[in-house]
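Participant: Sequence and predicted structure, then a few things I'm wondering about:
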Amino acid sequence: VNLIREKGSVVVTGNERMKERPIADLVDALKTTGCQIEYTEGKGCPPIRVNTTENGWKGGNVTLAANVSSQYVSSILISASYAREPVTLRLDDRGEGVCSRPYIDITIDLLTKFGIDIKEEQQNVFRVANKGFQNKSDWCVEGDASSASYPLALAAVTGGKVTVNNCGNQSIQGDASFCRILEKMGCSVQQTDTTTTVQGPKDHQLKAIEGDVDMDSMTDLFMTLAAVASVSHGTTRIVNIANQRVKECNRIEAMVQEMTKLGMKCKELQTGIEVTGNPALRNRTKDKVVFIDPRDDHRLAMSFAVIGAAMPGVAITEKSCVNKTYPTFWTHAQSLGLNVEVGGTTTTTTTTSKKQKTSK
């Protein structure tokens, strides 16, 4: 919005959860460059009003806190080439490390391929020339590695086999390496440049990974891993995902609360979650249905669908939230052999199918 070269005012808002998500780090950084931004309700969160000018964004030197979200960093890098002046962006990790650096690297890689002159002059200091984009005549967009984690996890917990296309070992996405975590848990994994195949253990003997699992490079997938860990032998400790407390919901807290409903042993850690697997839950009585509240969070809903594939009696009280990133998820789950029963308009119950999972 700050790039608009016309005097005016724009209000940026969202749903109730968006109005709780912190945005102060980005707002503070932009205001130091002359941007006119004000909060219209609670301080530090949307809605915000942006007052634009005839000259657009000035650019120049920007210091941005980068320990909470890589999205703030990407937003400035993407906008920088249209500023009036070249932009020098310095990231302040506040002693905690830059959050989700692989996502920043994706942004830099793609900007460079579209003709943006961007250089990392020193660690976490970026210089972006103000020369605009050079559009490509055609471009192949990779598959979403985050969404791909769910069908791969379905294979892991059911002993099935799934292949996802357009997401292989040449992917620039950190999430594309999630399959290697599944491999350590007992799955067979094959990757080509553009595909990933996971075969779950046919005897269902998944095992926890010893030591801490650092998921800083793929924080959004901690819930997928927690789902697989729930029916694995041993205890899985997932760390460096503290930023997940300020996503669509407090995801760490939500996973603990909802998994506990199913009789699982799990707890919050300072920067993560600990899950002690219980393979015996595969034998839960299907008549005892547990209702899971995904809190309007697409990733929570899909992760509990994975759990529902491993044990009977899991009902997810909102199915439409997956539309945010994976609107065909339930259809794909059914095509992989998952029995999905929809009650009314909001409740989805998933149970294990006896059918062999096939590639999609």
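Facilitator: Great, that's in hand.
Participant: pretty sure residue 31 contacts residue 39?
Facilitator: No: contact status for residue 31 versus residue 39: not in contact, 11.4 Å apart, counting by Cβ atoms under 8 Å. Placement of C-beta: from N, CA and C, glycine included.
Participant: now the nearest residue to residue 299 once chain neighbours are set aside: how far from residue 149?
Facilitator: Sequence neighbours aside, residue 223 is the residue nearest to residue 299 in space, at 5.4 Å (criterion: Cβ to Cβ, 6 or more residues apart in numbering). To residue 149, residue 223 is 9 Å away according to Cβ to Cβ, to the nearest Å.
Participant: Counting neighbours, go ahead and name the busier of those two.
Facilitator: Between residue 223 and residue 149, residue 149 has the larger neighbour count (other Cβ atoms under 10 Å), namely 33 against 29.
Participant: Let me know the helix or strand that the more buried one is in.
Facilitator: helix 145-158 (DSSP states H and E).
Participant: chain center to that helix: distance?
Facilitator: Centre-to-centre, helix 145-158 and its host chain are 14 Å apart (Cα atoms, centre = their mean, to the nearest Å).
Participant: Could you do stretch 247-259 as well?
Facilitator: 14 Å.
Participant: Let me see the confidence value for the residue of the chain most remote from its centre.
Facilitator: Centroid-distance maximum for the chain: residue 54 at 36.5 Å, with Cα atoms, centre = their mean. Here, the pLDDT recorded for residue 54 equals 91.
Participant: Quick check: phi and psi at it.
Facilitator: phi -70, psi -20 (degrees, to the nearest 10).
Participant: Equivalent analysis for the one 3 residues further on, please.
Facilitator: Note on residue 57: backbone dihedrals following degrees, to the nearest 10 are phi -80, psi 130.
Participant: List the residues that contact the residue lying closest to it once chain neighbours are set aside.
Facilitator: Nearest residue to residue 57, sequence neighbours excluded (Cβ to Cβ, 6+ apart): residue 2, at 4.3 Å. With contact taken as Cβ atoms under 8 Å, 6 or more residues apart in numbering, residue 2 is in contact with 30, 35, 37, 50, 52, 56, 57, 79.
Participant: Count the neighbours of the residue lying closest to residue 310 once chain neighbours are set aside for me.
Facilitator: Leaving aside its sequence neighbours, residue 310 sits nearest to residue 157 (Cβ to Cβ, 6+ apart; 4.0 Å). The tally of other residues near residue 157 (other Cβ under 10 Å) stands at 26.
Participant: Same check on residue 113?
Facilitator: 11.
Participant: How about residue 117?
Facilitator: Neighbour tally, residue 117, other Cβ under 10 Å: 13.
Participant: okay but it is in contact with residue 130, surely?
Facilitator: No: Residue 117 is beyond contact range of residue 130, at 9.1 Å (criterion: Cβ under 8 Å).
Participant: Quickly list what's touching both of those two.
Facilitator: Common neighbours of residue 117 and residue 130 (Cβ under 8 Å, 6+ apart) are residue 81.
Participant: one step back: is it possible to get TSV of the contacts of residue 2 that adds neighbour count?
Facilitator: Output for the contacts of residue 2, formatted as TSV (neighbours: other Cβ atoms under 10 Å):
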residue	neighbour count
30	22
35	17
37	17
50	18
52	19
56	16
57	25
79	18
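Participant: Need those residues in CSV (columns: distance to residue 285 and secondary structure).
Facilitator: Conversion of those to CSV gives the following (distance: Cβ to Cβ, whole Å; DSSP: H, G, I helix; E, B strand; the rest coil):
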residue, distance to residue 285, secondary structure
30, 55, helix
35, 58, coil
37, 55, strand
50, 55, strand
52, 60, strand
56, 63, coil
57, 60, coil
79, 55, helix
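Participant: Now distance to residue 318 too, for the residues you listed, in JSON lines please.
Facilitator: Formatted as JSON lines, the contacts of residue 2 follow (distance: Cβ to Cβ, whole Å):
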{"residue": "30", "distance to residue 318": "34"}
{"residue": "35", "distance to residue 318": "37"}
{"residue": "37", "distance to residue 318": "33"}
{"residue": "50", "distance to residue 318": "32"}
{"residue": "52", "distance to residue 318": "37"}
{"residue": "56", "distance to residue 318": "41"}
{"residue": "57", "distance to residue 318": "38"}
{"residue": "79", "distance to residue 318": "34"}
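Participant: Let's test this: name the helix or strand in the chain with the lowest mean pLDDT.
Facilitator: strand 347-351 (a mean of 42; mean pLDDT, DSSP states H and E).
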